[in-house]
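this one's sequence-less:
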C-alpha cells in the first residue's frame, strides 16, 4: 500500500514536470515554427541572417513592432503637422524621409534636413555631402551609420563626418544614386548604371548590370532586402531577385509582355516599369507608374486605382512595415494590409483633407482631417510605432495614430 | 415659343460643345495608332486594363515658383552623342538643328530681351552617364532640354528628368518604350518605331504579299526594340518572320548571317540598323545572288547608306518620319538656312531638333520661366494643335508621343523619293479616347 502510494506520487510528480516543461517549450516551438514559416529563420543555408538586420527588423526586435499588431485593425494617422522652408527646411521639395531613433532625417533637393529636439538643421555640400539633392536615406542597424543616396554620389554619415563614395573614387556603378538600402554589413544601391553592393567589412563593391544579371539594361531604380534575398526594381526590367545564399538571380516581369495593357489582373507583376520594392512579413510589394503588385511567394496580386483604395496608379515609392504597406502616389498616400485600404488626400488649395477607408474599391468611411498632409504628390514615407512621416513635393508631414 | 427656346438652347449647347472640342487636339483611334487587327491578345481576350488612354499629368508642386529676377540668359539643355559614339554624325546634326533654332530666336529678341543659350552635353553612353549630365543641367538651371538619340541613354536621362523635374522633348529616339514609361515630363516630337513597323508590315505583307520575311537587325537596343512591333505585328497577321539575324555596329562582313538567311528562301528582307552597316548589308545581299526586295528602317534614309550600298540601293524601301522633299515654304527656308549656316544638308535629326527647340521656346514665351508651367503648355493638347514645324504637325497621344502620319522612302534612280506611308483601315476602336478640354 505504502509502495503504491509512493509510485502514484512519482507518477503525479512526473506528470506535473511534463506539463510544466510542455507549457514552457511548446509556445517556443510554435513560435519558431511560425518564424520559419514566415521566412524569419535566422539561419539560411550558409548565411546567418541574424547578421543581416534592417532598420525595420531591428526596431521590431527592440520595440515588439507595434505595427505588426495592425494586421486586423489598420492604423489611421491624423493630427498632421507639416514643415516647409518657412520652418527651416532647405527646400520644399522633399524626396525622402527616415526616422532614426529620436531624430528625423529628410532628404530634399537642396540638402539634408535633420529634426532633432524640435529644431531643424541643414547639411549641404559645404558640410561634406556629395550633392545637395538627397534622394534616399537608410540607417545601418548594425552600426547606426546613416547612408545617403544623392544626385552626385553616396555618403556615409558617421561620427559627425561625411564620407563620399563616387564612381571614380570607389567603383560604385554611377554617381546618381536613386536608392540606398542597408542590409547587415552590406550597403545596396540602385543607380542608372546598375545595382551595387558595398561590403563594409571588405570595403569593396560588387556591381550588377545586364552583363551579369538578367537585366536587359543596367537601369535600376530602387531595392529592398530580407530573408537572404534582395529585390531590385529594374525600371523596364521588372523585379530582379538576388539570392545571397546561391548568388543566383531570377527576374519577375509582366507576363503579357506588352507595355500598353495588363492582360489579366493577378497573373504576375502588373508592369515592367518598376519604381520601388518593399519587403516585410514575407510579402514583396512592388510599385510601378501603372499600379502596385503584391507577391506572397506563390501568388501575385495587382492593384489599380479603379479596383482598390489606391490613391493613384503613378507610384513613386513604397515602404512596408509589418503587414502594412505605405504607398506614395501622385494623388495621395495609401496604406494597405491586404484587407483594408486607408488613403490620405489633401483637399485642393486648403490645409485640411481626409482619410478614406476602403474595403476593396468601396469607401466605407471618410474621416475628415484638419490639417492634412502637406501635398498629395507623395515621394517618401517612413513609419515607426504610432508615428508616420511623409515626404512630399511641397514639404514634409508628421502624423500620429488616432485610432 | 417653348420650341423656339428649346432649339436655341440645344443649338447653343452644340455650339459650345463643338467649340470646346475643336479647341483641343483630338486623338483618334487606339493608343500609338495600333491597328485594330494588331491589338495584343485582342482576338482572344480583352485586356483587364488598357494603359495610355488618358495622359498622366504632373501633379506635383512648383507652379507657384516665381520667375527668377537675376538671370542674364535663358538656358535650354541639349544631350546628344558628340564624342565617343558611332552615331556622332547624327548627334551633330541634332545639335546644329538646335543651334539654328536658338540663333533665330535670339535674333527675334530672345525671352524678354534675354538671349537663349544652348547648354550642350555629351551623352557618352557608358555606365549611365547620361543621368549625371541631367544633374549638371539641373545645376546649370536649364528650363527644358532636348535629346538624345541612343535608346539606353534616353531612358537613363529621363528618369533623372523626372526626379529633377525638367521638361524634355525628344527629337531623335524612336524606341516606343521611351514614352511608355509614363513619365509626365517627357514628350517626343519624332514619330516612333511603332509607326514605322505598322507601315512596313502593311506595305510588305498586305500590299506586296511577302509571306516569308527575313530580318537582319543591329545587335543592340535600337535593333531589338525597333523590330519588336514589326515582328509581333507580322506574326499576328499570320506571317512570322522566318529568321532574325543580328549584326554588330562597325561590322563589315555579313556573309555568315546572310548565308543563313539565304537558306530560308525569303520573299523579302527587312534591315534595322545604322546607315553604313545597312548599306553594306544591301550590297552583300545582292553579291550573294539574292534578288529579293529589301526594306529597312528610317536610319537608312541617309547619304551614308546610299554611298555604302552603291548601285545596289536601287529599289530599297524604307520609312521616314517626315517628308524632306515636301513643298513647304517653312521647310524649304529651314533647309536653305541650315545649308548656309553649316555647309551641309539637314536631316531628320536636325529638323526634329529644330522643331523641338522652337516648341520649347514657344512654351517658355507663353508660360514664363517655370518648369512646371512650361510643361503644362507643352502638354496642354491645345498650344500645338494647329502648330506646324518644319517636319510637319504634332499629334500627341496620351503618352505625349507624336503619332502623325509618316512616309515611305524608296530609292529610285539613285535618289530617295517619298510618299505617304500605308495605313491599316479602322475596324473598331478598342481604346476609347475621352475628349481633352
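Ah, there it is. Quick caveat: nothing in here was measured; it's all calculated off a predicted structure.

Doesn't residue B:357 belong to a strand?
No. Under the criterion used here (DSSP: H, G, I helix; E, B strand; the rest coil), residue B:357 is helix, not part of a strand.

show me the contacts for it.
Contacts here follow Cβ atoms under 8 Å, 6 or more residues apart in numbering or on different chains; on that basis residue B:357 touches B:76, B:97-98, B:101-102, B:105, B:118, B:146. C-beta: built from backbone N, CA, C; applies to glycine.

Would you quantify the distance from it to residue B:310?
Separation of residue B:357 from residue B:310 (Cβ to Cβ, to the nearest Å) stands at 36 Å.

same check, this time on residue B:235
Residue B:235 is 33 Å from residue B:310, by Cβ to Cβ.

From what I see, residue B:252 and residue B:280 are in contact.
Yes. Judged on Cβ atoms under 8 Å, residue B:252 makes contact with residue B:280 at a distance of 6.0 Å.

For those two, indicate the residue with more neighbours.
Neighbours were counted for residue B:252 and for residue B:280 using other Cβ atoms under 10 Å in any protein chain shown; residue B:280 has more, 21 against 11.

Which residue, other than its chain neighbours, is closest to that one?
Using Cβ to Cβ, 6 or more residues apart in numbering or on different chains and skipping residues adjacent in sequence, the residue nearest residue B:280 is residue B:308, 5.1 Å away.

what does residue B:410 give?
That would be residue B:317: by Cβ to Cβ, 6+ apart, it lies 4.9 Å from residue B:410.

Can you give me the neighbour number for that neighbour?
Other residues close to residue B:317 by other Cβ under 10 Å number 20.

Same question for residue A:202.
9.

So for it, what's the pLDDT?
Looking at residue A:202, its pLDDT is 96.

can you tell me how far the residue nearest to residue B:280 sits from chain A?
29 Å (Cβ to the nearest Cβ, to the nearest Å).

Check that residue and give its pLDDT.
At residue B:308, pLDDT is 98.

Equivalent analysis for residue B:142, please.
98.

now the one 5 residues further on
Looking at residue B:147, its pLDDT is 96.

Give the closest residue to it in space, chain neighbours not counted.
residue B:79 (3.3 Å).

Check residue B:249 too.
residue B:86 (5.3 Å).

Need the three-state assignment for residue B:134.
Residue B:134 falls in the helix class when you classify it by three-state DSSP.

Is it in contact with residue B:162, as I believe?
No. Counting by Cβ under 8 Å, residue B:134 does not reach residue B:162; the two are 9.7 Å apart.

from the contacts of residue B:357, which ones fall inside helices?
B:97-98, B:101-102, B:105 (DSSP state H).

nearest to chain A, of those residues?
Using Cβ to the nearest Cβ, residue B:98 is the member of the ones in helices among the contacts of residue B:357 that lies nearest chain A, at 23.6 Å.

And the pLDDT for that closest one?
Confidence score, pLDDT, at residue B:98: 98.

So it is in contact with residue B:118, correct?
Yes. Counting by Cβ under 8 Å, residue B:98 does reach residue B:118; the two are 5.7 Å apart.

Give me the common contacts of the two.
Applying Cβ under 8 Å, 6+ apart, one finds that residue B:98 and residue B:118 are jointly contacted by B:76, B:78, B:357.

could you measure the second one against chain A, distance?
Here residue B:78 is placed at a distance of 19 Å from chain A (Cβ to the nearest Cβ).

Provide the secondary structure category for that residue.
strand.

Who are the contact partners of residue A:296?
Neighbouring residues of residue A:296 by Cβ under 8 Å, 6+ apart: A:282-284.

just the buried members of these?
The neighbour-count criterion (16 or more other Cβ atoms under 10 Å in any protein chain shown) marks A:283-284 among the contacts of residue A:296 as buried.
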